[in-house]
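In: test case, fold it:
(one chain, ligands or ions: 1)
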Amino acid sequence: MIFAANLKCNHTRTSFELYAKALNKVLKEKNDEIFVFPPNIAFYQGGLNFTQGTQNFYPCINGAFTGEIGKEQLDEFGINCVLIGHSERRVFENDDFIKTKFDFATKHNFKIIFCIGENLACKNQNKTKDFLNSQLSNINLNYEKLIIAYEPIYSIGTGVSADIKDIEVVLEFVNSKTKAPILYGGSVNEKNIKEILNIKHCSGVLIGSAALKVENFIKICGLN
Ligand code: PGA
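Out: Presented below is the predicted three-dimensional model:
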(Lines give C-alpha, C1' and ligand atoms only; values in the text may rest on other atoms or scores of the structure.)
Protein backbone atom coordinates (compact mmCIF):
# COMPACT_ATOMS: atom_id res chain seq x y z
CA MET A 1 0.00 0.00 0.00
CA ILE A 2 1.14 3.52 -0.80
CA PHE A 3 1.14 6.19 1.92
CA ALA A 4 1.80 9.75 0.79
CA ALA A 5 1.94 12.81 3.07
CA ASN A 6 1.25 16.23 1.59
CA LEU A 7 2.53 18.72 4.16
CA LYS A 8 1.28 21.71 2.11
CA CYS A 9 2.50 25.07 3.50
CA ASN A 10 3.46 23.56 6.86
CA HIS A 11 6.86 22.78 8.40
CA THR A 12 10.15 24.60 8.13
CA ARG A 13 13.59 23.34 7.21
CA THR A 14 14.29 22.81 10.92
CA SER A 15 11.05 21.01 11.77
CA PHE A 16 11.07 18.92 8.60
CA GLU A 17 14.57 17.70 9.35
CA LEU A 18 13.20 16.21 12.59
CA TYR A 19 10.20 14.78 10.68
CA ALA A 20 12.40 13.16 8.04
CA LYS A 21 14.81 11.70 10.59
CA ALA A 22 11.99 10.26 12.70
CA LEU A 23 10.35 8.63 9.69
CA ASN A 24 13.68 7.39 8.39
CA LYS A 25 14.40 5.74 11.70
CA VAL A 26 11.21 3.67 11.81
CA LEU A 27 11.60 2.67 8.16
CA LYS A 28 15.09 1.22 8.73
CA GLU A 29 15.49 0.46 5.02
CA LYS A 30 14.34 1.97 1.71
CA ASN A 31 10.56 1.76 1.31
CA ASP A 32 9.26 2.73 -2.14
CA GLU A 33 5.67 3.01 -0.93
CA ILE A 34 6.13 5.92 1.48
CA PHE A 35 6.13 9.46 0.04
CA VAL A 36 6.40 12.83 1.73
CA PHE A 37 5.90 16.19 0.04
CA PRO A 38 7.37 18.96 2.22
CA PRO A 39 7.47 22.63 1.20
CA ASN A 40 10.31 23.06 -1.35
CA ILE A 41 12.22 25.30 1.02
CA ALA A 42 12.31 22.49 3.60
CA PHE A 43 13.73 19.69 1.41
CA TYR A 44 15.99 17.37 3.35
CA GLN A 45 19.37 16.87 1.76
CA GLY A 46 20.76 13.43 2.49
CA GLY A 47 19.88 9.76 2.34
CA LEU A 48 16.24 8.91 3.01
CA ASN A 49 14.34 5.64 3.30
CA PHE A 50 11.21 7.20 1.82
CA THR A 51 10.59 9.17 -1.35
CA GLN A 52 10.74 12.91 -0.93
CA GLY A 53 8.71 14.70 -3.59
CA THR A 54 7.78 18.23 -4.55
CA GLN A 55 4.30 19.71 -4.17
CA ASN A 56 5.06 22.08 -7.01
CA PHE A 57 7.63 22.92 -9.69
CA TYR A 58 7.89 24.95 -12.86
CA PRO A 59 8.25 23.00 -16.13
CA CYS A 60 11.76 24.18 -16.94
CA ILE A 61 15.32 23.08 -16.33
CA ASN A 62 16.27 26.58 -15.22
CA GLY A 63 15.87 30.08 -16.64
CA ALA A 64 14.24 33.49 -16.29
CA PHE A 65 11.19 32.42 -14.30
CA THR A 66 11.10 34.65 -11.25
CA GLY A 67 10.09 32.88 -8.08
CA GLU A 68 9.93 29.43 -9.64
CA ILE A 69 11.77 26.16 -9.02
CA GLY A 70 12.92 24.08 -11.98
CA LYS A 71 14.48 20.68 -12.50
CA GLU A 72 18.00 21.83 -11.79
CA GLN A 73 17.02 22.92 -8.29
CA LEU A 74 15.11 19.67 -7.68
CA ASP A 75 18.06 17.59 -8.90
CA GLU A 76 20.29 19.05 -6.21
CA PHE A 77 18.04 17.40 -3.61
CA GLY A 78 17.55 14.21 -5.61
CA ILE A 79 13.85 14.97 -6.12
CA ASN A 80 12.33 12.93 -8.94
CA CYS A 81 8.75 12.69 -7.74
CA VAL A 82 6.11 15.38 -8.26
CA LEU A 83 2.56 16.13 -7.25
CA ILE A 84 0.50 17.55 -10.13
CA GLY A 85 -3.12 18.71 -10.27
CA HIS A 86 -3.83 19.10 -6.56
CA SER A 87 -7.07 21.08 -6.18
CA GLU A 88 -5.26 23.73 -4.13
CA ARG A 89 -2.92 24.31 -7.11
CA ARG A 90 -5.65 24.06 -9.72
CA VAL A 91 -6.89 27.37 -8.29
CA PHE A 92 -3.84 28.95 -9.99
CA GLU A 93 -3.22 26.51 -12.84
CA ASN A 94 -5.45 25.78 -15.83
CA ASP A 95 -5.65 22.47 -17.71
CA ASP A 96 -3.15 23.61 -20.36
CA PHE A 97 -0.52 24.47 -17.78
CA ILE A 98 -1.18 21.24 -15.89
CA LYS A 99 -0.66 19.33 -19.13
CA THR A 100 2.60 21.19 -19.75
CA LYS A 101 3.79 20.23 -16.26
CA PHE A 102 2.71 16.63 -16.79
CA ASP A 103 4.48 16.37 -20.15
CA PHE A 104 7.64 17.92 -18.72
CA ALA A 105 7.58 15.46 -15.80
CA THR A 106 7.15 12.46 -18.11
CA LYS A 107 9.92 13.69 -20.40
CA HIS A 108 12.26 13.78 -17.42
CA ASN A 109 11.14 10.46 -16.04
CA PHE A 110 9.65 11.80 -12.78
CA LYS A 111 7.29 9.72 -10.74
CA ILE A 112 3.94 11.57 -10.81
CA ILE A 113 1.09 11.61 -8.34
CA PHE A 114 -1.69 13.18 -10.40
CA CYS A 115 -4.66 14.48 -8.40
CA ILE A 116 -8.21 14.60 -9.65
CA GLY A 117 -11.43 15.39 -7.86
CA GLU A 118 -14.80 17.06 -8.21
CA ASN A 119 -16.48 19.65 -6.01
CA LEU A 120 -19.76 19.14 -4.19
CA ALA A 121 -21.88 20.94 -6.81
CA CYS A 122 -20.54 18.62 -9.50
CA LYS A 123 -21.21 15.55 -7.36
CA ASN A 124 -24.74 16.72 -6.56
CA GLN A 125 -25.47 17.14 -10.26
CA ASN A 126 -24.28 13.58 -10.90
CA LYS A 127 -21.53 14.88 -13.14
CA THR A 128 -18.60 13.33 -11.28
CA LYS A 129 -17.57 10.82 -13.96
CA ASP A 130 -17.75 13.36 -16.79
CA PHE A 131 -15.70 15.80 -14.78
CA LEU A 132 -13.04 13.27 -13.80
CA ASN A 133 -12.97 12.04 -17.37
CA SER A 134 -12.10 15.52 -18.57
CA GLN A 135 -9.34 15.83 -15.96
CA LEU A 136 -7.92 12.46 -17.02
CA SER A 137 -8.17 13.19 -20.73
CA ASN A 138 -5.41 15.76 -20.23
CA ILE A 139 -2.69 13.23 -19.46
CA ASN A 140 -1.02 10.05 -20.69
CA LEU A 141 -2.74 7.37 -18.61
CA ASN A 142 -0.23 4.75 -19.77
CA TYR A 143 2.76 6.56 -18.29
CA GLU A 144 4.70 3.95 -16.39
CA LYS A 145 5.50 6.05 -13.32
CA LEU A 146 1.98 7.40 -12.82
CA ILE A 147 -0.08 7.21 -9.64
CA ILE A 148 -3.59 8.72 -9.61
CA ALA A 149 -4.97 10.31 -6.44
CA TYR A 150 -8.73 10.73 -6.25
CA GLU A 151 -9.41 13.63 -3.91
CA PRO A 152 -12.99 14.93 -3.90
CA ILE A 153 -12.63 18.62 -3.09
CA TYR A 154 -15.50 18.57 -0.61
CA SER A 155 -13.63 16.12 1.62
CA ILE A 156 -10.23 17.85 1.71
CA GLY A 157 -9.38 19.34 5.08
CA THR A 158 -12.90 18.93 6.43
CA GLY A 159 -12.25 16.05 8.82
CA VAL A 160 -14.93 14.00 7.06
CA SER A 161 -13.82 11.68 4.29
CA ALA A 162 -16.07 10.96 1.31
CA ASP A 163 -18.64 8.20 1.53
CA ILE A 164 -17.02 4.79 1.09
CA LYS A 165 -19.55 3.79 -1.59
CA ASP A 166 -18.92 6.99 -3.55
CA ILE A 167 -15.16 6.37 -3.42
CA GLU A 168 -15.71 2.78 -4.55
CA VAL A 169 -17.67 3.89 -7.61
CA VAL A 170 -15.03 6.41 -8.63
CA LEU A 171 -12.11 4.05 -8.09
CA GLU A 172 -13.86 1.43 -10.22
CA PHE A 173 -14.30 4.06 -12.93
CA VAL A 174 -10.69 5.26 -12.80
CA ASN A 175 -9.46 1.68 -12.79
CA SER A 176 -11.36 1.04 -16.02
CA LYS A 177 -9.26 3.77 -17.66
CA THR A 178 -5.75 3.13 -16.37
CA LYS A 179 -3.55 0.47 -14.85
CA ALA A 180 -1.92 3.10 -12.60
CA PRO A 181 -2.26 2.61 -8.83
CA ILE A 182 -5.11 4.71 -7.41
CA LEU A 183 -4.98 6.53 -4.08
CA TYR A 184 -7.79 8.14 -2.15
CA GLY A 185 -7.25 11.50 -0.44
CA GLY A 186 -9.50 13.74 1.66
CA SER A 187 -9.57 13.65 5.47
CA VAL A 188 -7.84 10.31 5.76
CA ASN A 189 -6.93 9.67 9.38
CA GLU A 190 -6.11 7.00 11.91
CA LYS A 191 -9.80 6.15 12.38
CA ASN A 192 -10.86 5.68 8.77
CA ILE A 193 -7.65 4.33 7.25
CA LYS A 194 -8.59 0.67 7.54
CA GLU A 195 -11.94 1.07 5.85
CA ILE A 196 -10.44 3.17 3.07
CA LEU A 197 -7.62 0.74 2.35
CA ASN A 198 -10.20 -2.03 2.07
CA ILE A 199 -11.95 -0.35 -0.85
CA LYS A 200 -11.58 -2.28 -4.09
CA HIS A 201 -8.89 -0.82 -6.39
CA CYS A 202 -7.52 1.37 -3.59
CA SER A 203 -3.72 1.19 -3.65
CA GLY A 204 -3.15 3.69 -0.86
CA VAL A 205 -3.81 7.17 0.45
CA LEU A 206 -2.74 10.80 0.14
CA ILE A 207 -2.90 12.48 3.53
CA GLY A 208 -2.77 16.16 4.50
CA SER A 209 -3.79 17.26 8.01
CA ALA A 210 -3.40 13.87 9.69
CA ALA A 211 0.19 13.57 8.44
CA LEU A 212 1.45 16.89 9.76
CA LYS A 213 2.79 15.26 12.92
CA VAL A 214 5.25 12.55 12.02
CA GLU A 215 4.09 10.27 14.84
CA ASN A 216 0.55 10.33 13.40
CA PHE A 217 1.78 9.60 9.88
CA ILE A 218 3.86 6.71 11.22
CA LYS A 219 0.77 5.29 12.95
CA ILE A 220 -1.41 5.62 9.85
CA CYS A 221 1.27 3.83 7.83
CA GLY A 222 1.19 1.05 10.43
CA LEU A 223 4.92 1.45 11.07
CA ASN A 224 4.82 1.79 14.85
P1 PGA B 1 -6.50 16.38 4.11
O2 PGA B 1 -5.72 16.83 2.78
O3 PGA B 1 -5.99 15.02 4.48
O4 PGA B 1 -6.16 17.42 5.12
O5 PGA B 1 -7.96 16.34 3.76
C6 PGA B 1 -5.54 15.90 1.74
C7 PGA B 1 -4.91 16.58 0.55
O8 PGA B 1 -5.21 17.76 0.29
O9 PGA B 1 -4.09 15.97 -0.14
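
In: next, give phi and psi for the nearest residue to Leu7 once chain neighbours are set aside.
Out: Distances taken as Cβ to Cβ, 6 or more residues apart in numbering place Pro38 nearest to Leu7, at 5.0 Å, with adjacent residues excluded. Any C-beta I mention is one placed from the backbone N, CA and C, and that applies to glycine too. The phi and psi values for Pro38, taken as degrees, to the nearest 10, are phi -80, psi 170.

In: ok, Pro38 to the ligand distance?
Out: 13 Å (Cβ to the nearest ligand atom, to the nearest Å).

In: ok and the residue in the protein nearest the ligand?
Out: Using Cβ to the nearest ligand atom, the closest approach of the chain to the ligand is made by Gly208 at 2.3 Å.

In: what's the longest helix in this protein?
Out: helix 13-27 (DSSP state H).

In: and it, what other elements does it pack with?
Out: Judged by 3 or more Cβ pairs under 8 Å, 6 or more residues apart in numbering; DSSP states H and E, the packing partners of helix 13-27 are strand 34-37, helix 214-220.

In: what number of residues lie near the residue of the chain closest to the ligand?
Out: Gly208 is flanked by 22 other residues according to other Cβ atoms under 10 Å.

In: same thing with Met1?
Out: Other residues within reach of Met1, judged by other Cβ under 10 Å, total 14.

In: ok, Lys129 next?
Out: Lys129 has 14 nearby residues by other Cβ under 10 Å.

In: go on, Gly157?
Out: Quick note: Gly157 (other Cβ under 10 Å) scores 12 neighbours.

In: mind listing the helices for the protein?
Out: So, for the chain - with DSSP H - the helices run 13-27, 71-76, 87-90, 95-107, 120-124, 128-136, 164-175, 193-197, 214-220.

In: ok, back up a step: so who does the residue nearest to Leu7 touch?
Out: For Pro38, the contact set (Cβ atoms under 8 Å, 6 or more residues apart in numbering) comprises 7, 11, 16, 19-20, 44, 52, 55.
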